[in-house]
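> Quick one, what's the 3D model for this:
(2 chains)
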There are 2 protein chains.
Amino acid sequence: MNLLNRELLQVVIDNGLQNDLLRGLFGLEKENVRVDPDGKLALTPHPKAFGSKTENPYIQTDFSESQIEMITPALDSIEATYHFMEALHDIVSVELKGEYLWPSSNPPMLPEEKEIPIARMSDPIADSYRGVLADKYGRKRQLLSGIHYNFSFDEKFLTRLYAIQEQHKDYKEFKDAIYFKVTRNLLRYRWLLIYLTGASPVFDNTYMEKCVRLADSHDNKSYYFPIMNSLRNSVCGYRNEKSYYVSFNSANEYVHDLNRLIQQNELLSVKEFYSPIRLKTSKGINLCQELVEDGVAYLELRFIDINPLHKIGISKEMMHFIHLFILFMVFKADESFDEEDQRIANINQDQMIMEGIKGYLNEPEYSQFTMEEMALAFIEKMKEMVQLLFPGNEDYGQILDGEKQKILHAELNVASIVKTEIHQSSYLTYHLEKAKKYARQSSQNGYRFAGYEDLELSTQLLLKAAVKRGIRFKLVDREENFVLLSQGNHREYVKQATKTSLDSYSTVLIMENKVVTKDVLKQHGIRVPSGKAFQSLEEAMFAYETYRGTPIVIKPKSTNFGLGITIFNQEYSREEMEKAFRIAFTHDGTVLLEEFMTGREYRFLVMGDEVVGILHRVPANVVGDGIHTIEQLVHTKNKDPLRGKGYKTPLEKIQLGEAEEMFLKNHGMSWNDRPPAGKIIYLRENSNISTGGDSIDLTDEIPDSYKELAIQSAKAAGAAICGVDMMIDSIEEEAGDTNYSIIELNFNPAIHIHCYPFTGKNRRADEKILDLLFG
Amino acid sequence: MNLLNRELLQVVIDNGLQNDLLRGLFGLEKENVRVDPDGKLALTPHPKAFGSKTENPYIQTDFSESQIEMITPALDSIEATYHFMEALHDIVSVELKGEYLWPSSNPPMLPEEKEIPIARMSDPIADSYRGVLADKYGRKRQLLSGIHYNFSFDEKFLTRLYAIQEQHKDYKEFKDAIYFKVTRNLLRYRWLLIYLTGASPVFDNTYMEKCVRLADSHDNKSYYFPIMNSLRNSVCGYRNEKSYYVSFNSANEYVHDLNRLIQQNELLSVKEFYSPIRLKTSKGINLCQELVEDGVAYLELRFIDINPLHKIGISKEMMHFIHLFILFMVFKADESFDEEDQRIANINQDQMIMEGIKGYLNEPEYSQFTMEEMALAFIEKMKEMVQLLFPGNEDYGQILDGEKQKILHAELNVASIVKTEIHQSSYLTYHLEKAKKYARQSSQNGYRFAGYEDLELSTQLLLKAAVKRGIRFKLVDREENFVLLSQGNHREYVKQATKTSLDSYSTVLIMENKVVTKDVLKQHGIRVPSGKAFQSLEEAMFAYETYRGTPIVIKPKSTNFGLGITIFNQEYSREEMEKAFRIAFTHDGTVLLEEFMTGREYRFLVMGDEVVGILHRVPANVVGDGIHTIEQLVHTKNKDPLRGKGYKTPLEKIQLGEAEEMFLKNHGMSWNDRPPAGKIIYLRENSNISTGGDSIDLTDEIPDSYKELAIQSAKAAGAAICGVDMMIDSIEEEAGDTNYSIIELNFNPAIHIHCYPFTGKNRRADEKILDLLFG
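Next comes the predicted model:
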């Protein structure tokens, strides 16, 4: 066997194309059936939260109303694609209140055929198409779910290779030649990929009766084919009723043959040609005319089962293996793939599914080899390819070795593991437990957008909310959390989640400037700390006579970190005041003298015409239980998944540092004290979240009169999104003329603190921004 | 004479109230008649540029259509008020194309009585009121113009003094008592102020016949009263037909007496009571009911003539003197001011006007004193007051001495100077020459808002344009050029002239970020330099293979000052590229590699849907004349009033520095070379205005196809106000697909460069902003 085209490999190496070769666009599409807590097919409608079934580009329904389809965009790395699918899985799971994503390609407990709900589309053509398919293939069969793996080569790789090779009529022909070659090879050797990815060896007795009759019952409910690893890819899976053969030599021949089948009424449309690999155009759909004109844009591998061992149904390693396998197909010597070859490929697939890989290959030329021998030979050649192309890369070697073990030891294969584990439990229990475990994991990921953890939490939340309702996003400047959201023709640029088109520039400038903010609020009759701004120490000191005796704050005009601020609570001398001014002037050319406000500070998040959330922050603290030491209580409190380090979580871990120790000491305590049950022990003076403080959601506790003031304040500045910091004497009383004051308006308020507070509800500030932006 | 109430003075001093006493609000109102270039009353309508005659708070018409009234807001210093009036004078003068502001209280050459146009108001009541006045007082008399000086004490001074004195029923009563006392004293001794401010001793023979008959003719056209200094304050001036006496004891009595006069049909309304001093309420109009309820808010001194010796009709020194005189009236011993006292005050005024101040006072108790003696005694007491209150202040002493000289030497008085100077010329010629000189001065102040020179030029221009059309402004943060513009209920906050509510925050963020800007423009099919952004040197160096051979620019993502930028025009090595990247990375964590664009750079100022102006900048240069040296040519070019230092002018002076000298040397020249006529000698490489570069307005020269691209670029970012920097290969050609590219979008484009370019028209970008903001 001449497996590797070394000449081509050498061209790639000689021209330094390895990195370009490795690049590409990846995409995953995955279906999961929704089930109720008992593992029965959920008969509820597709959740409204996911918006339009047809227009949400990320979350749709497939054949059945109960079958959710998750679609990643085309991304430039396997990691990004994997994580995006994880995020989609998380987003969908969290929204399915009381339902779960069934983690298998095989259906859960099914009702009668006619009770399986077909997805209700708004388009009558789409409805009737689904009706025809239901009749033709059966609704139960339609519920078989799987993963599609999309791949396209990097455009630069193709254009550079084209330029080097100079043997093709034009670039399109060259590109098609590569994609068709890869497709032929993939189709021929798909039995190996199905062997490694198959994960649906067992099914429930509510599945199609004819398949139940074919299979063995190992208990009263679960059915196994002998050695079968993928029901979905088997005769009982989702296939065309008979085998159709089309040419894979070129786009022209391929399209010609497909059109013939449609004209002969064998197929309803191109879509009904259920080839394990589809050749796709840039429009995403495999339209014949476009394929001829524009050529192949990407490949869709459609035979991958949902792997119940992984939350998202596929491992990152398998994604890499498939990628390497595709690259291998580029360098594998070309072979014919005529009707007979295609028939043999089908036989190989069915044989592998029923008998494993110990049997001999059906190609006359390879009939002396078992599938196992061929598979091992492939792995060796792939390793050789990897070593030649990417000599430094050890990960690929490990991935290839991992798959080799599955070839050598059938019991290590995913399907075998799943089968064994079901044996120890039951089909239903096994998958249901996994479904619930994965749902818990998704829920714990609540505030995290997998693969986008480098973004600010507020932006991660906003993007998750956008994806959920089908608003597309693009990171226009990832470092700056600058995103483009779009839905149809409606485009919105958003930076750091709350910097949007909803606010005018002048509104932001008003909020950014403390002097102007106060001026605007005062003009609207809203209470602000009275005060003055000074540009020189001399001018500032004139204020002594006027303010002596009243509690004041002296602060630089533009600092937010508490630097340069002096608070005079009690009587103060001229000298003390002068010192405070001197300090403040070292930070800013303008210094503010403000009336010191009493009461507690609350953050009102105003969006549009409403207060979305109200938070109060308290310093880092633990509550005694009469048993544990303060140190132990801190450790326990820090276990909350909401707490982390470095602002990657909604709350920060309480530190066991000097500041905390000193604070305890000043209050006559130490780490080893055991405070009585219910006693709150504070560990810091300041209430910043960054030093372990708690955020207490008080949205429902604070009287409407204060909310009204917060809304008025935002409106005074013309703000659509605004964090209003209000001092309130007592939230037990309604707002009066003198028992509150507005300290600051923030034009870029964090939203995650209102979504994941220490105590209180998720106020869905992320959703609210989208409501405002996309109406 | 017990002139000074030392007890009160001591209270002020003991309580440290001197500074508060000195504070206050000042306002000026001034009328000027418009004349044609021959000095004839202009019969044209009030210029449309000034917006509504009634709603423009700064520029209105008075009685006649030809009589412009300029009104400053109440400002907290004499300097600010003086400058504001100067600015108003400038704004009005510049707008009067071919007409001039007549710099005298006495009218210019008048047509027949009935041809004098009464101001056409939109309000029929206002029209009919003017009609009645015209009949009652004569149109010619109505054209007498003057200055009103408004003053109120600082509120803090009043409240503190009230708190100390504890002898008044309530604060309002206390406040009224002070204002009424000052009013009584001012009315009694107004003859002195009229003596010092009177400036209308001569008038044209087209004035009212009865006055012409009364006066002497010194030539065929000009008429003088004997020694008279103020026609306007004389019997031939604007007065009630008979003397009305009302009580000045309290608001109640004052209002009672005025109401009686109205009921007796002696007066049409309170407004017709032409007292030399009016007591005003906070609503600005002297409504009786409000005066009783809210008390006096400020005083209006109405007898001040327009001083032809000063552009704006009054000197800063005189404004200070009047202020000191008012303060003196606070501390002067109280005297009765009953009907007899008022009659004597009127007699004193008329006597002073006809005979000067050598005569005796008409008060029985002061009948042994000449007015001159009394005047000198006042000055001495004022000096004493000033020394007691403000011991360090020398300016006040000088001001008082200056006025003393006018008392001692009648020929130094304004009226005497005016009379003498007219004698050497003629009434008409004298004033017309002054009018034209002042108009030239105003025109040279074009880009400057007097009193606001600390603001950026763009902001000064915007505010001048706002004032012109009657949009009110308030500096909410002067240091930051942050203003509030308002017209009726419509309020707009504007920072640095072009940061407005017209642009959304996200639009600004798009323009602020070069990566995002390019992304947005590219998506809209607009040509931008192709390129990439890198976060690490390693990643950046991958680009070498791709870009070697093409001209590129390597630059930090966010620098505008040219720092860290390397341009590779010719072949460059890997090492050179690495060095350039290293330099750029020292400035920013993200570095851009961009295609190097050819052509010249142009700044398109886009506002709304149009290109308001296009500028091209060229390096500092002079044009030879075959006679002068380069150094001499620089000195000559620097004399342009548009050139200054430190960005206070639209252009900067060309420097005779090392950089320029080196540049000349490198081109084989020196300062002493005499370039041939017409030869352009450049003095710098860079074209920045800040280093003496020229701005060339090319708005009318550049093809529309580029303008269209600039507008599309702004629209792509969603910008209403945007500076589009475009590279154009040749402005002789229409825009194609590859002969231009957009380098940058600026969200805060300077506007003054388009209003005052080195060559080209004023593109009125200031007006355009207001059109967009206020529609």
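> so who does A:S145 touch?
A:K30, A:E31, A:N32, A:V33, A:D62, A:Q67, A:W102, A:S104, A:S105, A:P107, A:R232, A:I306 (Cβ atoms under 8 Å, 6 or more residues apart in numbering or on different chains). To be clear about C-beta, it is placed using only N, CA and C from the backbone, and glycine gets the same treatment.
> what helix or strand does the second one sit in?
Think A:E31. Assigned by DSSP states H and E, A:E31 belongs to strand A:24-35.
> could you measure the nearest residue to A:Q523 once chain neighbours are set aside against A:P529, distance?
Once flanking residues are discounted, A:Q523 sits nearest to A:A716: 7.5 Å by Cβ to Cβ, 6 or more residues apart in numbering or on different chains. Distance, A:A716 to A:P529, by Cβ to Cβ, to the nearest Å: 16 Å.
> Between those two, tell me which one has more neighbours.
Taking other Cβ atoms under 10 Å in any protein chain shown, A:A716 and A:P529 do not tie; A:A716 has more neighbours (20 against 17).
> just the buried members of the contacts of A:S145?
A:K30, A:E31, A:N32, A:V33, A:D62, A:Q67, A:W102, A:S104, A:S105, A:P107, A:R232, A:I306 (16 or more other Cβ atoms under 10 Å in any protein chain shown).
> between the residues you listed, which is closest to chain B?
A:K30 (29.7 Å; Cβ to the nearest Cβ).
> Show me the beta-bridge partners of the closest one.
A:M70, A:I147 (DSSP bridges).
> wait, it sits on A:I312?
Yes: contact criterion Cβ atoms under 8 Å: A:K30 and A:I312 qualify, at 7.2 Å.
> what residues are shared contacts of these two?
A:M85, A:H89.
> hmm, back to that, on the C-terminal side of the strand holding A:E31, identify the next helix or strand.
strand A:59-61.
> what's near enough to touch A:A580?
Counted by Cβ under 8 Å, 6+ apart, A:A580 has contacts A:I554, A:T566, A:F568.
> one more time with 10 Å
Going by Cβ atoms under 10 Å, 6 or more residues apart in numbering or on different chains, A:A580 touches A:540, A:552-555, A:564-568, A:572, A:591, A:593.
> secondary structure class for it?
helix (DSSP: H, G, I helix; E, B strand; the rest coil).
> again, but for A:T459
Relying on three-state DSSP, one would call A:T459 helix.
> With the one 5 residues further on instead?
When classified by three-state DSSP, A:K464 comes out as helix.
> pretty sure it is in contact with A:I91, am I right?
Yes: using Cβ atoms under 10 Å, A:K464 is in contact with A:I91, at 5.5 Å.
> Okay, now the unreliable bits of the stretch 1-150 of chain A?
A:1-2 (pLDDT under 70).
> 90 instead?
Counting by pLDDT under 90, the stretch 1-150 of chain A shows low-confidence ranges at A:1-7, A:16, A:53-54, A:62-64, A:97, A:112-115, A:117-139, A:141-142.
> Now the stretch 551-700 of chain A against chain B: closest residue?
Residue of the stretch 551-700 of chain A nearest chain B, by Cβ to the nearest Cβ: A:T590 (6.5 Å).
> number of nearby residues for that residue?
20.
> Quick one: residues contacting it.
A:513-515, A:533-536, A:556-558, A:584, B:477, B:479-480.
> Let's see which of those residues end up in strands.
A:A533, A:F534, A:P556, B:D477 (DSSP state E).
> Quickly name whichever of those residues is closest to A:T420.
Closest approach to A:T420 among the ones in strands among the contacts of A:T590 (Cβ to Cβ): A:P556, at 68.3 Å.
> measure the closest one to A:V516 for me?
From A:P556 across to A:V516, the span is 16 Å (Cβ to Cβ).
> A:Q289 too?
For A:Q289, the distance to A:V516 - Cβ to Cβ - is 60 Å.
> Which one of the two is surrounded by more residues?
Using other Cβ under 10 Å as the criterion, A:Q289 and A:V516 rank with A:V516 on top: 22 against 10.
> A:V508 is in contact with the more buried one, correct?
No: with contact defined as Cβ under 10 Å, A:V516 does not reach A:V508; the gap is 11.0 Å.
> Overlap in contacts, the two.
Jointly contacting A:V516 and A:V508 under the rule Cβ under 10 Å, 6+ apart are A:A717, A:L745, B:K495.
> So the first one is in contact with B:V476, correct?
No: contact between A:A717 and B:V476 fails when scored by Cβ under 10 Å: they sit 11.9 Å apart.
> More neighbours: these two, which one.
A:A717 (25 against 22).
> Where does A:E492 sit: helix, strand or coil?
Secondary structure assignment for A:E492 (three-state DSSP): strand.
> Can you select the buried ones from the contacts of A:A580 in ChimeraX?
Applying 16+ other Cβ under 10 Å to these, the buried members can be selected in ChimeraX as follows:
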select /A:540,552,553,554,555,564,565,566,568,572,591,593
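> any chance of the contacts of A:A580 in JSON lines, with secondary structure too?
JSON lines is the format used below for the contacts of A:A580 (three-state DSSP):
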{"residue": "A:A540", "secondary structure": "helix"}
{"residue": "A:I552", "secondary structure": "strand"}
{"residue": "A:V553", "secondary structure": "strand"}
{"residue": "A:I554", "secondary structure": "strand"}
{"residue": "A:K555", "secondary structure": "strand"}
{"residue": "A:G564", "secondary structure": "coil"}
{"residue": "A:I565", "secondary structure": "coil"}
{"residue": "A:T566", "secondary structure": "strand"}
{"residue": "A:I567", "secondary structure": "strand"}
{"residue": "A:F568", "secondary structure": "strand"}
{"residue": "A:Y572", "secondary structure": "coil"}
{"residue": "A:V591", "secondary structure": "strand"}
{"residue": "A:L593", "secondary structure": "strand"}
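> Check which helix or strand the closest residue to A:T197 other than its chain neighbours maps to.
With sequence-adjacent residues excluded and distances taken as Cβ to Cβ, 6+ apart, A:T197 is closest to A:I304, at 4.8 Å. Applying DSSP H and E as the criterion places A:I304 in strand A:298-305.
> No further queries at this time; thank you.
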